[in-house]
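> need coordinates for the following:
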Amino acid sequence: MSHAPSTRRQFLKTSAGVVAGGAMVPYWLSGTSAQAEPIQAKNDRPHIGAIGVGGRGSAVLAQAAAFGEVVAVCDVDRTHAERAREKHGGRATIYDDYRRLLEQKDIDIIVNATPDHWHTAVNIASCQAGKDVYTEKPLTLTIDEGKQLSQVVDQTKRVVQVGTQQRSELAFQTAVELVRNDRIGKLKQVWVALPYYTTKAGPFAVEPVPSHLNWELYQGQAPAHDYCRARTHSNFRWWYEYAGGIITDWGNHHMDIAHWGADCELTGPVSIEARGMFPNAGAADSFNTPDRFFSRMGYANGVEILYFSSVNDRQRYGGIAEQHEEMTPDKIKYLFGEDCPDEIKSFDRNGVMFVGDKGRVFVNRGGVYGKAAEELKENPLPEGSWRVPPSSDHMGNFFECVKTRQEPVSPVRIQHRTISACHLTNISIRLGRKLAWDPNTQQVVGDPEANTWQEREQRSGYQIRV
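Residues are numbered from 1 along each chain as shown. Purely as a prediction, here's the structure:
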């Protein structure tokens, strides 16, 4: 694939034309990566509009700015927007309403790093406005949103890259190739381990709305609440009003790798049985998502995914000061049940473990582990083996695909299925029962009440409807 920089004029012509028509042993693969080279001349660079430019938004916008010119920034927190404008040349137009930003005609690319409950509305509107989109994960707030977004992406033919950047990291690519090429034998189980981030905190007192924050617009489709800072910025993740907790946050990353390695990218579980632990026990005005959970999911190809909090990988996020709760034998028994492998009950790391009948491979952001990885240098995969799509730069892959109109390495059609498995885990926990899921019809079987949980009630004026 050519990496020659294109001018913005060439980019627009191409885009418009197509739319109309064990010990860690890292193993480094060779091959051409599907990524774009930075374009130096400012007048030639695609124009970027950034929606949501807080902590994570600032980071992904900096990555995008290597490939395009930032001409507009939008955030309901004006201090975020002003900081982003100054960081990227001081000339970008500032908005607090993304709908006004999408009316700016010279914008080619949208970088969406809003809180989770805004992802789908922004992504749909951006596609319908003729923009290509780099969107942060988790892709959606509900399964129904994923169905609608998938429809819009298919109709508009826009390029949408989901920010599950592990797809562009060599350790994860290596692990997936080892599994898909039977280097651990027939795949039996996948263990998907997330950190134990304590969310024992609250109740939170009502506070005056800061003058720089549009609290009404921040809440969007979510139920209206009095303001407290714990509902915003990094801690929005721990409220069901705006997100799905650790299950959808870290979960979208690691579940993606599990599906990739298990060859389940475009399907989903057929059974889901999950339990969770809520540290605040439903107390009002407190974080309300579980911080520990265990989910057993069966797939039609015979693979079983065990999805859980690694209760001895104790980390903090968002400045929460409360202590992690101790895991007593009774709590361990409740959470993991009787037939869960003992190793999982005392797991002390996060990542993805592939368990085959001839070996295991474990991968996380530190590297890829196991005998199959150790032997790869002396026994490389032969020519003709199954390979992952080449990418070593997630943002670069997106910009290259914007030029070529090829599918990026993390498209909506795959990530909708990934996050659906996470949503189903939350639904099983909240309903307190096992679910049967039909991946073809994308319906819960024999449980009308559970099917209603595929969507949420949305406030008037903020409904998402395609």
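
> confirm V176 sits in a helix?
Yes: according to DSSP: H, G, I helix; E, B strand; the rest coil, V176 belongs to a helix.

> ok, it - contacts?
I257, W260, G261, V388 (C-beta atoms under 8 Å, 6 or more residues apart in numbering). (Glycine included, C-beta is placed from N, CA and C.)

> what's near enough to touch the first one?
For I257, the contact set (C-beta under 8 Å, 6+ apart) comprises Q166, R167, F172, A175, V176, V352, V363.

> among those residues, which lie within strands?
Judged by DSSP state E, strands contain the following of these: V352, V363.

> nearest to P411 among the contacts of I257?
R167 (10.1 Å; C-beta to C-beta).

> ok, that closest one touching S392?
No: in terms of C-beta atoms under 8 Å, R167 does not count as a neighbour of S392; the distance is 10.6 Å.

> which one of these two has more residues nearby?
R167 (25 against 17; other C-beta atoms under 10 Å).

> and that one, how far from Q221?
R167 sits 28 Å away from Q221, going by C-beta to C-beta, to the nearest Å.

> can you report how many residues lie near R91?
R91 has 11 nearby residues by other C-beta under 10 Å.

> what sits against it?
So R91 contacts V71, R85 (C-beta under 8 Å, 6+ apart).

> in the chain, where is pLDDT below threshold?
Of all residues in the chain, those with pLDDT under 70 make up the ranges 1-43.

> what's the burial count for Q415?
29.

> gap between it and N312?
From Q415 to N312 the distance is 29 Å (C-beta to C-beta).

> ranges for the strands of the stretch 51-200 of the chain?
69-74, 93-95, 109-112, 132-135, 160-162, 187-197 (DSSP state E, counting those that start in this stretch).

> format the ones you listed as CSV; extra columns: distance to L335 and mean neighbour count.
Shown next, in CSV, are the strands of the stretch 51-200 of the chain (distance: least, C-beta to C-beta, whole Å; neighbours: other C-beta atoms under 10 Å):
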stretch, distance to L335, mean neighbour count
strand 69-74, 41, 25
strand 93-95, 45, 18
strand 109-112, 34, 28
strand 132-135, 32, 28
strand 160-162, 30, 29
strand 187-197, 11, 22
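
> can I get those in JSON lines with distance to H253?
Formatted as JSON lines, the strands of the stretch 51-200 of the chain follow (distance: least, C-beta to C-beta, whole Å):
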{"stretch": "strand 69-74", "distance to H253": "25"}
{"stretch": "strand 93-95", "distance to H253": "29"}
{"stretch": "strand 109-112", "distance to H253": "17"}
{"stretch": "strand 132-135", "distance to H253": "14"}
{"stretch": "strand 160-162", "distance to H253": "10"}
{"stretch": "strand 187-197", "distance to H253": "9"}
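
> which residue lies farthest from the center of this structure?
For the chain, the largest distance from the centre (C-alpha atoms, centre = their mean) belongs to E378, which lies 34.8 Å off.

> now that residue: how far from A372?
12 Å.

> for S234, same thing?
Counting by C-beta to C-beta - S234 and A372 are separated by 37 Å.

> which one's more surrounded, these two?
Ranked by neighbour count (other C-beta under 10 Å), S234 and A372 place A372 first, with 27 against 15.

> which element is the more buried one on?
helix 371-374 (DSSP states H and E).

> can you state the direction angle for the helix ranked longest in the chain and strand 187-197?
When the chain is parsed with DSSP state H, its longest helix is helix 412-431. For helix 412-431 against strand 187-197, the angle by axes from the mean of the first three to the mean of the last three C-alpha atoms, to 10 degrees is 70 degrees.
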